[in-house]
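Novice: Give me coordinates for this.
(one chain, ligands or ions: 1)
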Amino acid sequence: MDKMKEQVMKNMEELGFPVIVDEKSGALQWVDMRELRLRYFISIENIKPFYEGLKEGKLMGTKCKKCGRLFFPPQKDCPSCMDSDIEWIELKNEGTLETMTVVFVKPPSFGMYDPYPVAIAKLDDGPRILAWYNGDPQQVKPGQRVKVQVSRRKEGYLMYELVPL
Ligand SMILES: [Zn+2]
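Specialist: This next block holds a predicted model:
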């Protein structure tokens, strides 16, 4: 980013505008030099039991009372039945790893992290869970068993991660 900023400043001086040539397309692009800070609010009222569970080290999902489907992340309404008659249940916090990747090109909000592994596991209860993988990606084997563990992130809040068993 700093290198790009340098180039933009150079072009601004030479050409009069904050422009840069896009590496892929070769097209000239205007680069807005204002940086935006963004703070947003999202209501968690409907999934409050999920956060309350996390605080106690539990992984909470929802279950449709009509068809019995389990949901994680928790759903307020069943997408199959279109029914809102759901109940909260504690999910089994173990499962099998299905896929994993290491993220090198990070979104700005995770810019302060080193490259991190992200994985999808199928919980023994059925639902799949996407989470950061807290283990050595090189040591993962087919059928790798994992558990869901609650941990505190660098930003200070509680979140769940997958840990090899
Ligand atoms: Zn249902």
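Novice: all helices in the chain, in order from the N-terminus.
Specialist: Per DSSP state H, the chain carries helices over the ranges 2-15, 48-55.
Novice: Those helices: which one's closest to residue 109?
Specialist: Distances from residue 109 to each of those were compared using Cβ to Cβ; the shortest belongs to helix 2-15, at 18.5 Å. For the C-beta atoms, the positions are set from N, CA and C on the backbone; glycine is no exception.
Novice: Pull out the buried positions in the closest one.
Specialist: By 16 or more other Cβ atoms under 10 Å, the buried positions in helix 2-15 come out as 8, 11.
Novice: got the contact list for residue 41?
Specialist: If you count contacts by Cβ atoms under 8 Å, 6 or more residues apart in numbering, residue 41 has none.
Novice: my bad, should have said residue 159
Specialist: Taking Cβ under 8 Å, 6+ apart as the criterion, residue 159 is in contact with 54, 131, 132, 150, 151, 152, 153.
Novice: Residue 162: neighbouring residues, count only.
Specialist: By the criterion of other Cβ atoms under 10 Å, residue 162 has 26 neighbours.
Novice: these two touch, right, it and residue 130?
Specialist: No. The pair formed by residue 162 and residue 130 falls short of the contact definition of Cβ atoms under 8 Å, at 9.1 Å.
Novice: Quickly list what's touching both of these two.
Specialist: Residues touching both residue 162 and residue 130 comprise residue 119, with contact defined as Cβ under 8 Å, 6+ apart.
Novice: and the nearest residue to residue 150 once chain neighbours are set aside, how many neighbours does it have?
Specialist: Excluding its sequence neighbours, the residue lying closest to residue 150 (Cβ to Cβ, 6 or more residues apart in numbering) is residue 57, at 4.9 Å. Applying other Cβ under 10 Å, we find 13 residues neighbouring residue 57.
Novice: rewinding a little: so of the contacts of residue 159, which ones are in strands?
Specialist: When the contacts of residue 159 are checked against strands (DSSP state E), the matches are 131, 132, 150, 151, 152.
Novice: so the fourth one touches residue 162, yeah?
Specialist: Right, the one you point to is residue 151. No. The pair formed by residue 151 and residue 162 falls short of the contact definition of Cβ under 8 Å, at 10.5 Å.
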